[in-house]
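J.: Need a 3D model of the following:
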Amino acid sequence: MESPRPLKRRRVSNTTLITTPSLDPTTLSPQNDPLLTHATHVLATEAAALAHITHLYLTSPPARHSLRAAVHCILSSQRAGGRLIACGVGKSAYIAQKLTATCKSLGIAAGFLHACEAVHGDLGDIRGERDVLLFRAHAGTDEFAAACAGGDEGYRADGAY
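T.: Have a look, this model is predicted:
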């Protein structure tokens, strides 16, 4: 029986993979070094993304509202002596882990909770004085619905969506 979808995902990007540079110093030239060109392209792409999100938060009322709600959630949690618990599934989990690491480096009490593990017993990590900042995909998942419900405890879930 043939599988309805391929087992291995295809690369979406049309960029070529980086090749290992030559170790011969006579062949290296700062003007046409492909690694340097690629590195500066990555930096320019990231700078453009930051400029876009800055513009979005300056001009879009829904985006401004969401950012304000997220910042308020973090401040409320810290003032109450709690931790910010970032939660996610898939790519959102990576973003939640990065947020957690950034908060910790800034002295903000934070922790990461995978949404799938949350509904299988890890909700005990959430205390009443703590806020939960949820990350989710556009479509959402059943794990998020269960994590938001909080089981019998009725945990409060705040955050920007």
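
J.: Strands of the protein, residue ranges please.
T.: 84-88, 110-114, 131-134 (DSSP state E).

J.: Of these, which is nearest residue 96?
T.: strand 84-88 (3.6 Å; Cβ to Cβ). For the C-beta atoms, the positions are set from N, CA and C on the backbone; glycine is no exception.

J.: what's the angle from the closest one to strand 110-114?
T.: 20 degrees (axes from the mean of the first three to the mean of the last three Cα atoms, to 10 degrees).

J.: Against which helices or strands is strand 84-88 packed?
T.: helix 61-79, helix 91-105, strand 110-114, helix 115-118, strand 131-134 (3 or more Cβ pairs under 8 Å, 6 or more residues apart in numbering; DSSP states H and E).

J.: and the second one with strand 84-88, angle?
T.: Our comparison of helix 91-105 with strand 84-88, counting by the same axes, to 10 degrees, yields an angle of 160 degrees.

J.: Reformat the helices and strands packed on strand 84-88 as CSV; add distance to residue 31, mean pLDDT and mean neighbour count.
T.: Shown next, in CSV, are the helices and strands packed on strand 84-88 (distance: least, Cβ to Cβ, whole Å; pLDDT from 0 to 100; neighbours: other Cβ atoms under 10 Å):
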stretch, distance to residue 31, mean pLDDT, mean neighbour count
helix 61-79, 41, 88, 14
helix 91-105, 35, 90, 15
strand 110-114, 44, 85, 19
helix 115-118, 49, 74, 21
strand 131-134, 46, 64, 23
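
J.: nearest to residue 47, of the ones you listed?
T.: That would be helix 91-105 among these, by Cβ to Cβ, at 18.1 Å.

J.: ok, back up a step: now for the strands of the chain, which one comes closest to residue 69?
T.: Taking those one by one with Cβ to Cβ, strand 131-134 is closest: 9.6 Å.

J.: Can you work out which other helices and strands pack against the top helix by length along the chain?
T.: Counting residues, the longest helix in the chain under DSSP state H turns out to be helix 34-59. Contacts defined by 3+ Cβ pairs under 8 Å, 6+ apart place helix 34-59 against helix 61-79.

J.: my guess is residue 57 contacts residue 63, does it?
T.: Yes - with contact defined as Cβ atoms under 8 Å, residue 57 reaches residue 63; the gap is 5.4 Å.

J.: Could you tell me which residues touch both of the two?
T.: Residues touching both residue 57 and residue 63 (Cβ atoms under 8 Å, 6 or more residues apart in numbering): there are none.
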